[in-house]
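Trainee: Make a model of this:
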Amino acid sequence: MLQKKLQTSGRISAVDLDAAACISREADQIPDVVNFLYKFRHTDSAPEQLDSTGYAIIRLLLKYDETDLLFKILNDPINYGIFPNYHLGCLLMNQFLTKENIPAAAKIATLYMQQEMFECTLLNFLSVYSLLKFIELPKEQRIFDDKIQPKPVEEEIDEEQENIKMFRYPFLKNFYNDQLFDLVEEDQLCGKSLEWFSFHLDNSPFKDDIRLLGLIFRPKLSETIDLLNSGILKQINSKTLELCRIRVGELLGQIPEEKRQEDPDYSILEKINELLGEPQSIDSNIALSDEFWSSFKSNLNKAEEALMEAQKQEFQEWNRLRTARIESQAERFNLRLRLEEIEKKREELAEKKEILYFFDDRAELEDLAAYHEKLWEESKLVKQRDSMTEEERVAEMLKKGGKRERR
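Mentor: Residues are numbered from 1 along each chain as shown. Okay, the predicted model is just below:
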């Protein structure tokens, strides 16, 4: 149905797309729905896209474990326009953590940091838990592969396609890193995410631990020293300090030995190492991430109930908005039919008027016919004159001249 509509009119409505997304249940429907979404985003109706559309598509991808396509869509909001809400974020991270796909869960957390979505308590704690799991991995495993974070590829655009509108803007000649959406390196992304989420942890005892880890993974070395000098070391978990020492060791290893004396970062890293102190024996084999999550478990049920209630309210709002859009679309369709009926009636009335007033306008029509007949005769004379030879034209002129003299 939608394919036929695209072929005939070159576009589909937001309501049509939403209906297709919400009723899709099978894996073989995924390519069509995603294709419809992509084409819809390249029409002037893109701002009308409903939030429920993206929610339904992500749930469908999650159902069939389409991780590659999922991240392709989430990493390309311009062409797909999907910005998952809090409920989706928790579902995504929970599924990836359950399947021990730690990098995927951490990547989801960074997407919410970039959108500055910190209003959901459960998502904040689940994001930090995913990020802690990620930074606890060995260096060689702390990577976002091309499926989780695709490398930017310049898209080929068919300029002859009528329903694609192209806008060209001047670009910055010198690259500028905005330290948010331009961050692509894994440790920097996770570090910034930990730092920002640390401000929204609702009095968690690990708040300073998370901020310290965020600063050192960015790395923001001067701010790390300032935080360590602020007197927080006494309450910092020993496992946090151990992760910090490992990170400092990685950063020191990135500085060639022959350049260490002249590199200002080297002396700062040495100072951080000194402030962190000597390694101490760790009390238990429980990871920092698990201790962090255990500290939140007493509030877990309350946070889950709050999220479920918020999602129920969102479902109701989506239903209300969808109904309003359907009614509006139906009204526009009825108006279009009415206009077509009016135009058809006008044509019929014009024909009837011509028949009814034919005899009243007879004299005018006869004059008009005589005028057209005169024009026709003159046009024949012109054609006849054009076909005459030079001698025939001269003879014609002499003939007319003789007639004038006789008069």
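Trainee: so what's residue 217 up against?
Mentor: Applying Cβ atoms under 8 Å, 6 or more residues apart in numbering, one finds that residue 217 lies in contact with 135, 187-188, 190-191, 194, 247. (C-beta placed from N, C-alpha, C; glycine too.)
Trainee: no wait, residue 214
Mentor: Taking Cβ under 8 Å, 6+ apart as the criterion, residue 214 is in contact with 191-198.
Trainee: just to revisit the earlier point, would you format the contacts of residue 217 as CSV with distance to residue 341 included?
Mentor: Listed next are the contacts of residue 217 as CSV, based on distance: Cβ to Cβ, whole Å:
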residue, distance to residue 341
135, 67
187, 66
188, 63
190, 62
191, 65
194, 64
247, 73
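Trainee: quick one: which of the contacts of residue 214 is nearest residue 127?
Mentor: Proximity of those to residue 127 (Cβ to Cβ) peaks at residue 197, which lies at 5.6 Å.
Trainee: my guess is that closest one meets residue 113, correct?
Mentor: Yes. Proximity of residue 197 to residue 113 meets the contact threshold set by Cβ atoms under 8 Å, at 6.7 Å.
Trainee: so what's in contact with these two at the same time?
Mentor: When contacts are counted by Cβ under 8 Å, 6+ apart, residue 197 and residue 113 have residue 127 as shared neighbours.
Trainee: Roughly how far does the residue lying closest to residue 325 once chain neighbours are set aside sit from residue 60?
Mentor: Among residues not flanking residue 325 along the chain, residue 15 sits closest, at 4.9 Å (Cβ to Cβ, 6 or more residues apart in numbering). When Cβ to Cβ, to the nearest Å is the yardstick, residue 15 and residue 60 sit 18 Å from each other.
Trainee: quick one, helices of the stretch 251-400 of the chain?
Mentor: 264-276, 288-296, 300-356, 362-386, 390-406 (DSSP state H, counting those that start in this stretch).
Trainee: quick one, which of these is nearest to residue 79?
Mentor: Relative to residue 79, the nearest member of these by Cβ to Cβ is helix 300-356, separated by 22.7 Å.
Trainee: Tell me what angle that closest one forms with helix 288-296.
Mentor: Between the direction of helix 300-356 and that of helix 288-296, the angle (axes from the mean of the first three to the mean of the last three Cα atoms, to 10 degrees) works out to 90 degrees.
Trainee: helices or strands next to helix 300-356 in the packing?
Mentor: Contacts defined by 3 or more Cβ pairs under 8 Å, 6 or more residues apart in numbering; DSSP states H and E place helix 300-356 against helix 14-23, helix 51-63, helix 86-98, helix 121-135.
Trainee: Out of the ones you listed, the one nearest residue 270 is which?
Mentor: Nearest to residue 270 among those is helix 121-135; the distance by Cβ to Cβ comes to 21.8 Å.
Trainee: Output the contacting helices and strands for the helix or strand just after that closest one.
Mentor: Proceeding N to C from helix 121-135, the next assigned helix or strand is helix 186-197, under DSSP states H and E. Helix 186-197 sits against helix 102-114, helix 121-135, helix 207-217, with contacts defined as 3+ Cβ pairs under 8 Å, 6+ apart.
Trainee: mind redoing it with 10 Å?
Mentor: With contacts defined as 3 or more Cβ pairs under 10 Å, 6 or more residues apart in numbering; DSSP states H and E, the packing partners of helix 186-197 are helix 102-114, helix 121-135, helix 207-217, helix 238-253.
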